[in-house]
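Novice: Test case, fold it:
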Amino acid sequence: MIERARIPGAEPTLVFLHEGLGSLGLWRDFPKDVAERTGHGALAYSRTGNGFSDVLSEKRSVRYMHDEALKILPGILLEESIADPILIGHSDGASIALIYGRAQAMVLMAPHVFVEDEGIAAIEQTKRAYETTDLRARIARHHTDGDKTFYGWNDIWLDPAFRAWNIEEYLPKVRCPLLLIQGADDEYGTLEQLDRIERGVKGRVERVVLTDCGHSPQRDRREATLDAITRFVAAIST
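Specialist: Numbers count the residues shown, from 1 in each chain. Have a look, this model is predicted:
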């Protein structure tokens with residue numbers, strides 16, 4: 001079972017792809033607010049292992065984002081009768097959007113296309129916080145099995161085999177307009193992520209770097225992020 005929610009509105013449909021520890025619920029009102037401001041319909045869902053979708057039955061592989069983009073996402077779009085969506089991805093969700101590659105447009109918040117030392121250090125710190133603070137309890141509120149959700153994401157990112165993960169080979173297939181949004185203080189990635197995306201894709205790229213903003217622009221700088229997305233979607237819809 002995949003936990004999901006649809007918001008009615010005009011085509012093309014906005015499809016929201018959450019971060020590694022995200023879920024339908026953790027988007028909070030963000031999909032609704034984007035849909036209302038743009039007038040477009042929307043779909044948000046929790047990937048398997050997250051939120052209140054089915055719990056992971058086995059350990060993820062290094063290619064778990066590939067599997068989501070190439071196997072799972074196409075099936076969900078088919079089930080929901082969504083063709084040529086606008087993909088709005090955050091972190092892992094942004095990477096999944098790039099691997100999928102086919103959209104009318106993409107909004108990518110804190111995307112990553114290769115592994116950086118800074119990101120691994122932040123993920124190690126997140127593991128320590130999970131095991132020593134109230135982070136475990138806070139995550140448990142949003143997922144059927146918080147431990148499986150957390151370690152299903154954290155373990156694979158800290159697996160030595162994951163250091164070679166790189167999706168730049170998929171970038172030349174991306175020909176649609178892109179909006180790249182990243183916080184200047186993103187602890188999980190540097191602006192080199194945006195640089196490589198901009199060099200690699202074939203579509204038009206707009207980038208927004210937000211000050212006083214970490215890894216989650218939709219939370220840290222909500223209004224600025226909503227404004228940027230609204231302008232971008234309006235421009236490609238005319």
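Novice: could you point out the longest strand in the protein?
Specialist: strand 10-17 (DSSP state E).
Novice: what comes into contact with that strand?
Specialist: For strand 10-17, the external contacting residues (CB atoms under 8 Å, 6 or more residues apart in numbering) are 27, 30-31, 34-35, 38-45, 73, 77, 80, 82, 84-90, 92-94, 96-97, 104, 233. For every residue, glycine as well, the C-beta is placed using N, CA and C.
Novice: Name only those of those residues that count as buried.
Specialist: When neighbours are counted using 16 or more other CB atoms under 10 Å, the contacts of strand 10-17 contain these buried positions: 27, 30-31, 34-35, 38, 40-45, 73, 77, 80, 82, 85-90, 92-94, 96-97, 104, 233.
Novice: among the residues you listed, which are in strands?
Specialist: Filtering these for strands - DSSP E - leaves His40, Gly41, Ala42, Leu43, Ala44, Tyr45, Ile86, Leu87, Ile88, Gly89, His90.
Novice: picking up where we left off before, I'd like the distance from the longest strand of the chain to the chain centre, please.
Specialist: In this view, strand 10-17 has its centroid 14 Å away from the chain centroid, taken as CA atoms, centre = their mean, to the nearest Å.
Novice: How about stretch 99-112?
Specialist: 8 Å.
Novice: how long is that stretch end to end?
Specialist: With CA to CA, to the nearest Å as the measure, stretch 99-112 spans 11 Å from end to end.
Novice: so what pLDDT did the residue of the chain positioned farthest from its centre get?
Specialist: In the chain, Thr132 marks the outermost C-alpha relative to the chain mean, sitting 26.6 Å out by CA atoms, centre = their mean. On pLDDT, Thr132 comes in at 97.
Novice: ditto for Ile236
Specialist: Note for Ile236: predicted pLDDT of 87.
Novice: ok, now which ones touch the residue nearest to it when sequence neighbours are not counted?
Specialist: Computed as CB to CB, 6 or more residues apart in numbering, the closest residue to Ile236 that is not its neighbour in sequence is Ala105, at 4.9 Å. Contact partners of Ala105, counting by CB under 8 Å, 6+ apart, are Ile86, Leu87, Cys176, Pro177, Leu178, Leu179, Phe232, Val233, Ile236.
Novice: contacting residues for the closest residue to the second one other than its chain neighbours?
Specialist: The reference is to Leu87. Computed as CB to CB, 6+ apart, the closest residue to Leu87 that is not its neighbour in sequence is Ala97, at 4.1 Å. Residues in contact with Ala97 (CB under 8 Å, 6+ apart) are Leu17, Ala69, Leu87, Ile88, Gly89, Ala103, Met106, Leu108, Pro111.
Novice: repeat that with 6 Å
Specialist: Leu17, Leu87, Gly89, Met106 (CB atoms under 6 Å, 6 or more residues apart in numbering).
Novice: among the residues you listed, which two are most distant?
Specialist: Leu17 and Met106 (9.7 Å; CB to CB).
Novice: can you pull out the helices in this protein?
Specialist: Assigned by DSSP state H, the chain shows helices spanning 30-38, 64-67, 73-79, 92-100, 117-132, 135-140, 146-158, 192-200, 217-220, 222-237.
Novice: Hmm, Gly41 is touching Pro8, no?
Specialist: Yes. In this structure, Gly41 is within contact of Pro8 by CB atoms under 6 Å, at 5.4 Å.
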